[in-house]
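Asker: build me a model from this:
(2 chains)
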Amino acid sequence: MSAGVAAVRTSGLGKRYGSRWALRDCALEIPAGSVTALVGPNGAGKTTLLHMVIGLVEPTNGDVEVFGRSPRRDAREVLPRLGFVAQDHPLHRNLTIAEMLRYGRKLNPSWNQQLAASRIERLGLSQKQKIGRLSGGQQAQVALTLALAKQPQLLVLDEPVASLDPLARREFLNAVMEVVVDDGLTVVLSSHIVAELERVCDHLVTLAEGATQLSGPIPEIVARHRLLTGPRGDVASVARVHDVIRESHTERQTTLLVRANGHVYDSCWEQHEVDLEEIVLAYLGYRPGNGASTIPAREAVRA
Amino acid sequence: MTWVGWRLQRTESLVVLGTLGLLAAFLVPTGIQMANAYHRDGLAACLSFNPGPTCAGAVGGFRQRFQSLIDLSNWFTLVPGLIGVLLAAPFIGELEHGTYRLAWTQSITRGRWLAGKLGVAVATATVAAGALILLFAWWRAPSVHLDGRLDTGNYDTTGIVVVGYTLFALGLALALGAVWRRVAPSLVVAFVGYFATRLFVDLSLRDHLIAPLTTTYRGTSQPGFLYNAHIISMYAALGDHEIMSGGGFVLGGQRKLAAPRLGHAVFHVVYQPESHYWPLQLAETGLFAGLAAILVLFAAWWTRERAA
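Answerer: Next comes the predicted model:
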């Protein structure tokens, strides 16, 4: 993953609305060619981060670069390389699909009409249909088509499946996977749902309360985390070496989810593997600095 | 961006066209009647000022038949406001429904998008205002002849001020909508604001937009140049007593004033002469168009800087 240019790189990136920080001190690197899931609860700052990446929002402080360029200052260079599907995939409801595609063609020099038309056809839609008459899943697919036909190098999807039913969700993610396999483009998609993402994504970033907690390749993240169970008792000895992400206690037993810094030698703890969903859920309730040592997420996982 | 701009304003353009069509459906038949009566009775030959016995009857007949219609049509001065605010809807709609995010992540810069979007609205508003002027200038030709170009109803509907009015309403709705991001309330409030501004300008500001003239005359013979002038205020004095102000005689001892004595009264008039028509039109158009420009630029700037 160190090879190649980063598709997205942020440093010290923050956005404040009034007195509230929507995102704070965010340092990220999304490698070109990766498919990254940006996970966090509602209000964690996912949309703000994505909007800064695509240049919709000006950062309050810090920097964001897309393929080494500022999406705001170099909009002319960056915009043609971006494909974006906003939350709830807004489209012009009173246009037909054909007109919506014409819209894309008029506003993008690199538009690929052939690609757009064949995608619409494969979706079983007629170009004469009005956007407003399509189902949510179909609208999402048209929005994705619009984003893909401008032939981007970075595809940014903000909560693309949140409003879709399970079937439409699956179809949408399949469509995304297809283009990733075919064109090798970089994809960043945000979600508050973890399920299904593992199938699509190879990188993960978690956000909670405006701060990144975890960032890196999914296999490394999974390998790095352990579930420890042992008799109820002293957690401090573990916490001295490892980062305790979550602890829970029953009368006799303590269960810890830790980010291991090296091996866990202590024989009184039984070790288990944890799956991605559980790790993510643990992080979403995790406050670095409240007990566990604060380690910048990126370094912690990448080290 | 041109095709995109027009296509996304198609509904509003059709409504504007429909409004003009409805207006024409009312104005064309009544206008033909009015023009026929005007020619049949030879009103064109009548100077409305000091008409003389034959013309007085013709003018009176014409007024009896059409004056209430003409007065009613003064309300059509609200149509530019209606058209103006309506043409702001496509822009505000993009902000309300979030489709501007779609536009801003295509390959064009937001500056170009704003220019295209707002340019289409401004162009349509200008053309629609032009159509209104043509329609009303034809319809009101008899009224312009009888009452002059400075008559408020004529002035407000047949001059280039209509372009200023339309653009002002458009700009006001765009500016409100840029901040508010909701179509319906923005249009309603902008229309109310348009109405209030027009009332203020019509009733008060216009009189002083260009320095008015003053004149005095003695007796009952009003000078001809006052006939088509816009009278701002007048009073009459007899010796040291003011016996009349504004439109009517001052109540009190002077009520018994006999006609012969009125001949000795001195009338003081503040007015805008007919010759001020173009300077007034240009000044008022400049005022409204200038405000419109500021409001449109504000809407663009606010959207560019604040929207996300």
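Asker: can you tell me which residues in chain B are near chain A?
Answerer: Taking CB under 8 Å from any CB of the partner chain, the part of chain B that reaches chain A is made up of B:1, B:3-4, B:7-8, B:11, B:97-99, B:101-110, B:308. C-beta coordinates here come from the backbone N, C-alpha and C atoms, glycine included.
Asker: which among those residues end up buried?
Answerer: B:1, B:4, B:7-8, B:97, B:99, B:101-108, B:110, B:308 (16 or more other CB atoms under 10 Å in any protein chain shown).
Asker: just the ones in helices from these, please.
Answerer: Using DSSP state H, B:4, B:7, B:97, B:99, B:101-104, B:110 are the members of these that sit in helices.
Asker: the residues you listed into a markdown table, with extra columns for pLDDT?
Answerer: Output for those, formatted as a markdown table (pLDDT from 0 to 100):
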| residue | pLDDT |
| --- | --- |
| B:4 | 96 |
| B:7 | 96 |
| B:97 | 94 |
| B:99 | 95 |
| B:101 | 93 |
| B:102 | 95 |
| B:103 | 95 |
| B:104 | 94 |
| B:110 | 91 |
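Asker: residue A:208: which of the residues you listed is nearest?
Answerer: Taking CB to CB as the measure, residue B:101 is the one of these closest to residue A:208, at 24.5 Å.
Asker: against residue A:99, how distant is the closest one?
Answerer: 19 Å (CB to CB, to the nearest Å).
Asker: give the contact list for the residue nearest to residue B:106 when sequence neighbours are not counted.
Answerer: Counting by CB to CB, 6 or more residues apart in numbering or on different chains, residue A:107 is the residue found nearest to residue B:106 once chain neighbours are left out, at 3.7 Å. Going by CB atoms under 8 Å, 6 or more residues apart in numbering or on different chains, residue A:107 touches B:1, B:4, B:103, B:106-108.
Asker: what's the most distant pair in those residues?
Answerer: B:4 and B:107 (12.3 Å).
Asker: residue B:156 against residue B:74, yeah?
Answerer: Yes: with contact defined as CB atoms under 8 Å, residue B:156 and residue B:74 form a contacting pair (7.3 Å).
Asker: more neighbours: which of these two?
Answerer: residue B:156 (22 against 14; other CB atoms under 10 Å in any protein chain shown).
Asker: what are the buried residues along stretch B:144-159?
Answerer: Buried residues in stretch B:144-159 (16+ other CB under 10 Å): B:144-151, B:153-159.
Asker: narrow those residues to those in helices?
Answerer: Using DSSP H, the buried residues of stretch B:144-159 in helices are B:144-147, B:153-158.
Asker: how distant is stretch B:214-224 from the center of its chain?
Answerer: Per CA atoms, centre = their mean, to the nearest Å, the displacement of stretch B:214-224 from the mean C-alpha position of its chain is 29 Å.
Asker: so which bits of it are buried?
Answerer: For stretch B:214-224, by 16+ other CB under 10 Å, it's residue B:217.
Asker: returning to what we had before: which one of the ones in helices among the buried residues of stretch B:144-159 is nearest chain A?
Answerer: residue B:157 (33.2 Å; CB to the nearest CB).
Asker: and the closest one, what is it in contact with?
Answerer: Counting by CB under 8 Å, 6+ apart, residue B:157 has contacts B:73-74, B:76-77, B:132-133, B:136, B:140.
Asker: same question, residue B:104
Answerer: Residue B:104 neighbours (CB under 8 Å, 6+ apart): A:55-56, B:110, B:113.
Asker: next one: residue A:208
Answerer: A:40-41, A:44, A:283-284, A:286.
Asker: just the residues you listed now: which is nearest chain B?
Answerer: residue A:44 (17.0 Å).
Asker: the residue lying closest to residue A:71 once chain neighbours are set aside in helix, strand or coil?
Answerer: Nearest residue to residue A:71 in three dimensions, chain neighbours excluded: residue A:55, at 3.2 Å (CB to CB, 6+ apart). When classified by DSSP: H, G, I helix; E, B strand; the rest coil, residue A:55 comes out as coil.
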